[in-house]
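Participant: Please work out how this folds:
(one chain, ligands or ions: 1)
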Amino acid sequence: MTKNKIIVPLDVSNLADAIALVEKLPQVSFWKVGLELFVATGSDILKFLKYQQKQIFLDLKFHDIPNTVAGACRSASQYEVDLLTLHATAGKKALQAAVEAINTAEKPPKLLAITVLTSFSSRELAFDLKIPLELPEYALQMAILAQESGIDGAVCSPQEVSQLREVCGKDFLLVCPGVRPSWAKAGDQSRVMTPLEAIKAGADYLVIGRPITAAENPVEAWERICTEIET
Ligand SMILES: O=C(O)c1cc(=O)[nH]c(=O)n1[C@@H]1O[C@H](COP(=O)(O)O)[C@@H](O)[C@H]1O
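Facilitator: Modelled structure (predicted):
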């Protein structure tokens, strides 16, 4: 079912708003908890989502020295979430330490490496971060680094997903934020594609937030996106 491929982020600042959003959209089976909500509520939101039998993407984007990343992954794996993020740019030793750290968990999460945030443009990557590679090539290299370190998949923009799929193979999980239906605003996202284009390009999951959660009628927006993907 294509709608199981859509992950909706709970980008709100408190538990009450998060619960209200989950209850407003009972059709959504996969929710993402990011920094804003986790810093505010800790594990309370995860307990609620588990109780509701939802799948959970815990998006804390760890980026630190190997020992600290390993400890953070070990702590996060106690929540038995489905997906957990860290930055590929933490480097090979940190990525390998993360893989090793979650191995002892009863139900380890799948680890996803952030390649290049979807808010970045090629210009920002070159001029602000001084990265000499073209953006798609750099995203690919970050995915390869993650895969070679034993990480289960990557987060990338839909604009890079077909290339990553081709190189990393069908078993490497590819999750794409930066997804915008033609009728939604891009906001702070730079490298966007429509939901249908992203699925066709090879994404396993799409992360779609504001086009649904900030819509006047979130249920209608969700259904419109599901219909667009299915037809
Ligand atoms: O890891 C992520 O989920 C993520 C990575 C990335 O490169 N870009 C990105 O937008 N995200 C997240 O995906 C969600 C996108 O939300 P919308 O822009 O509202 O659709 C946000 O929760 C971001 O934190």
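Participant: switch to C-alpha atoms for all contacts and neighbour counts from now on
Facilitator: OK.
Participant: Show the subsequent helix or strand relative to the lengthiest strand in the chain.
Facilitator: Using DSSP state E, we find that the single longest strand of the chain is strand 55-62. Using DSSP states H and E, the next helix or strand after strand 55-62 towards the C-terminus is helix 66-77.
Participant: What residues sit buried inside that following helix?
Facilitator: Pro66, Val69, Ala70, Ala72, Cys73, Arg74, Ala76, Ser77 (16 or more other Cα atoms under 10 Å).
Participant: Then stretch 127-138?
Facilitator: Leu135, Pro136, Tyr138.
Participant: tally of neighbours for the nearest residue to Ser162 once chain neighbours are set aside?
Facilitator: Using Cα to Cα, 6 or more residues apart in numbering and skipping the chain neighbours, the partner closest in space to Ser162 is Ala201 (4.9 Å). Neighbour count of Ala201, defined by other Cα atoms under 10 Å: 18.
Participant: ok now do Ala201, which residues does it touch?
Facilitator: Pro158, Val161, Ser162 (Cα atoms under 8 Å, 6 or more residues apart in numbering).
Participant: Check Gly202 too.
Facilitator: Gly202 touches Val161, Ser162, Arg165, Leu174, counting by Cα under 8 Å, 6+ apart.
Participant: Using ChimeraX, define a selection of the buried residues within the residues you listed.
Facilitator: In ChimeraX, a selection of the buried entries from the contacts of Gly202 looks like this (16+ other Cα under 10 Å):
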select :161,162,165,174
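Participant: Looking at the contacts of Gly202, which are in helices?
Facilitator: In this view, the contacts of Gly202 that belong to helices under DSSP state H are Val161, Ser162, Arg165.
Participant: and of those residues, the nearest to the ligand?
Facilitator: Nearest to the ligand out of the ones in helices among the contacts of Gly202 is Val161 (Cα to the nearest ligand atom; 12.2 Å).
Participant: gap between that closest one and Thr118?
Facilitator: 12 Å (Cα to Cα, to the nearest Å).
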